[in-house]
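Participant: I would like to see how this sequence folds:
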Amino acid sequence: MTTTKPWYLSRTIWASVVTVLIGAVGLTGLPVDTIDGSSLTDTVVQAVTAFSGLVAIFGRLWASKKIG
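Facilitator: Here you go, the predicted structure:
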């Protein structure tokens, strides 16, 4: 494995974040037995991917210098 990717594109990181959040919510006494962790992780990954795409597009539109 020689290539790298940003941390926010890692499904493992997002699955871990979702797991920690579900655990923390469970500690507060809120019911979490109906939450599907796998589909929640997929939703979070899709949202982060969409957000990073928007940041890239608007970042290029607002850039003040040319690429290359």
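
Participant: how about the helix or strand hosting F58: buried residues?
Facilitator: Per DSSP states H and E, F58 falls inside helix 37-61. Within helix 37-61, the residues that count as buried by 16 or more other C-beta atoms under 10 Å are 40-41, 44-45, 48. To be clear about C-beta, it is placed using only N, CA and C from the backbone, and glycine gets the same treatment.

Participant: again, but for stretch 20-40
Facilitator: L40.

Participant: pull the CA atoms of it into PDB?
Facilitator: Extracted in PDB, the C-alpha atoms of stretch 20-40 (Å, rounded to 0.1, in the frame of the first residue of the first chain):
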ATOM      1  CA  VAL A  20     -18.100   6.500  19.200                       C
ATOM      2  CA  LEU A  21     -21.000   8.800  18.700                       C
ATOM      3  CA  ILE A  22     -23.500   5.900  19.100                       C
ATOM      4  CA  GLY A  23     -21.700   4.800  22.200                       C
ATOM      5  CA  ALA A  24     -21.700   8.300  23.600                       C
ATOM      6  CA  VAL A  25     -25.400   8.800  22.900                       C
ATOM      7  CA  GLY A  26     -26.100   5.400  24.500                       C
ATOM      8  CA  LEU A  27     -24.300   6.600  27.700                       C
ATOM      9  CA  THR A  28     -26.700   9.500  27.900                       C
ATOM     10  CA  GLY A  29     -29.700   7.200  28.200                       C
ATOM     11  CA  LEU A  30     -31.200   7.800  24.800                       C
ATOM     12  CA  PRO A  31     -32.300   4.600  23.000                       C
ATOM     13  CA  VAL A  32     -29.900   3.600  20.200                       C
ATOM     14  CA  ASP A  33     -31.000   0.100  19.500                       C
ATOM     15  CA  THR A  34     -32.900   1.100  16.400                       C
ATOM     16  CA  ILE A  35     -29.900   2.800  14.800                       C
ATOM     17  CA  ASP A  36     -28.300   0.900  11.900                       C
ATOM     18  CA  GLY A  37     -24.600   1.800  12.300                       C
ATOM     19  CA  SER A  38     -23.600   0.500   8.800                       C
ATOM     20  CA  SER A  39     -26.200   2.600   6.900                       C
ATOM     21  CA  LEU A  40     -25.400   5.600   9.200                       C
END
